[in-house]
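Trainee: One predicted model, sequence on top.
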Amino acid sequence: MKVNLIGAGNIADYHARSIKSLGYELGVVADGNEQAARRFAEKYDCRWTADTTLLLSEQADLVTVAVPNAYHFEVAKAAVNAGHAVLCEKPMTRSAENSRELAELVRKSGNPFFVGYMKRVHPTARKFKEYARRIGTMRSGLVRVFHPMPEASWTIIADQLAKSSKSTMDGVFVNSGSHMLDLLLHFAGPVRRVLAARMQYRDGCYPNVDAMTHALIEMENGATVTVECGWLPLSGVGRRENGWDELLELRGDGGLATLHTTWWERPQFESPVAEIWDEALRTRESFNAGMIDNFEEEYRLIRAALSGEDVPLATAEEACAVDTLIDDIFAAARRSEI
């Protein structure tokens, strides 16, 4: 499988590393920053260009969009219009309106299109889907996303925001919370409405970069889900006591299913864990599929999908639902400020 890559930043490193590790071909990388593109190409032994149009004119089995969030829409749209199968990093776009437009374009094109919600592809997450079915009627849920953030980082972020009124930076809710919202919708179904939300900001970071977000949402089946996200300078919390405190909990009449997800940069050290309390059996089960790189698993599944197999990768329509929920929570938070 030949993959061309748009973007030469931090997240693109993980994609390139996985492509090469699996023995796939990394054809060309494109980035408007010529120096970054050249360094990236030297590191991964591929060609480079500063012209995205040139990359899109070249044949490839897949084009991966790994640019900053604010540019996903335009770049992914161009890739679809050029006739490519596309993997777009999450979130698919930064607005529900743009996501609806892109999802409709994908539908009309018929081109394969995947969104990088790769936490759902881990075998442990796929086992959790079975656990979620066993809890019976879901009544309550919890989405928790707390990641370690050194206190000094906030001064750096505020300084960067002060230098540019057009900053494209996002905060904890979009960058860290979107993955878990995808898992919620994937395993628990659609949302009916957002009941309430509140966001907290550090000095100099409003309204671009939230430090903490809380929301209360009502699912289509009537269940209530609490969402809590934050970047805090806590190093010893979470299941593994490493500062990464992230889980999805679904509670129903027949049981409690919990998925503990992991620090995505450390697949060689950590694995997600799925757990269930089954009331009918009066037993607790736990499942751990082992340490699997989510990025590599994502590309394995894309190759299978391009061969016609049915795989659990996020579609444009599913990613649109996540972006709609994100917009609705932002809107509810703005109303709470009045």
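Mentor: Alright, I've got the coordinates. Numbering: from 1, shown residues only.

Trainee: so what's the closest residue to V237 other than its chain neighbours bridging to?
Mentor: Distances taken as Cβ to Cβ, 6 or more residues apart in numbering place D245 nearest to V237, at 4.9 Å, with adjacent residues excluded. C-betas here are computed from N, CA, C, even on glycine. Counting by DSSP bridges, D245 is bridged to F146.

Trainee: do the same with E275
Mentor: If you apply DSSP bridges, the partners that E275 bridges to are T258, S286.

Trainee: I'd say it and E285 touch.
Mentor: Yes. Between E275 and E285 a contact is recorded at 6.9 Å, counting by Cβ atoms under 8 Å.

Trainee: sorry, back to before: quick one: the residue nearest to V237 from H122, how far?
Mentor: Spatial separation of D245 from H122 under the definition Cβ to Cβ, to the nearest Å is 18 Å.

Trainee: For those two, indicate the residue with more neighbours.
Mentor: Between D245 and H122, H122 has the larger neighbour count (other Cβ atoms under 10 Å), namely 26 against 20.

Trainee: and that one, what is it in contact with?
Mentor: Neighbouring residues of H122 by Cβ atoms under 8 Å, 6 or more residues apart in numbering: 271-272, 289, 292, 294, 297.

Trainee: For it, give me the pLDDT.
Mentor: Predicted confidence (pLDDT) for H122: 95.

Trainee: can you check T168 too?
Mentor: At T168, pLDDT is 85.

Trainee: Let me know whether my guess that it is in a strand holds.
Mentor: No. Counting by DSSP: H, G, I helix; E, B strand; the rest coil, T168 is not part of a strand but coil.

Trainee: is it true that it touches F73?
Mentor: No. At 11.9 Å, T168 does not count as touching F73 under the criterion of Cβ under 8 Å.

Trainee: more neighbours, the two?
Mentor: Just comparing T168 and F73: by other Cβ under 10 Å the higher neighbour count belongs to F73, 21 against 12.

Trainee: any idea how far the more buried one is from T52?
Mentor: For F73, the distance to T52 - Cβ to Cβ - is 14 Å.

Trainee: In three-state terms, label C320 for me.
Mentor: Applying three-state DSSP: C320 is helix.

Trainee: Report the contact partners of it.
Mentor: Contacts of C320 by Cβ under 8 Å, 6+ apart are 92, 96, 99-100, 102-103.

Trainee: again with E101
Mentor: By Cβ under 8 Å, 6+ apart, the contact set of E101 is 73, 77.

Trainee: That one should be in a strand, yeah?
Mentor: No. Judged by three-state DSSP, E101 forms no part of a strand; its state is helix.

Trainee: Distance of it relative to A316?
Mentor: 10 Å.

Trainee: neighbours around L56, how many?
Mentor: 20.

Trainee: do the same with T224
Mentor: By other Cβ under 10 Å, the residues close to T224 number 13.

Trainee: close enough to count as contact, it and A196?
Mentor: No. Between T224 and A196 there is no contact under Cβ under 8 Å: 10.8 Å.

Trainee: which neighbours do these two share?
Mentor: Joint contacts of T224 and A196 (Cβ under 8 Å, 6+ apart) are L216.

Trainee: circling back: return the member of the contacts of H122 nearest to F187.
Mentor: F187 lies nearest to P272 out of the contacts of H122, by Cβ to Cβ, at 12.9 Å.

Trainee: Now the closest one. Its backbone dihedrals?
Mentor: When read as degrees, to the nearest 10, the backbone of P272 gives phi -60, psi 160.
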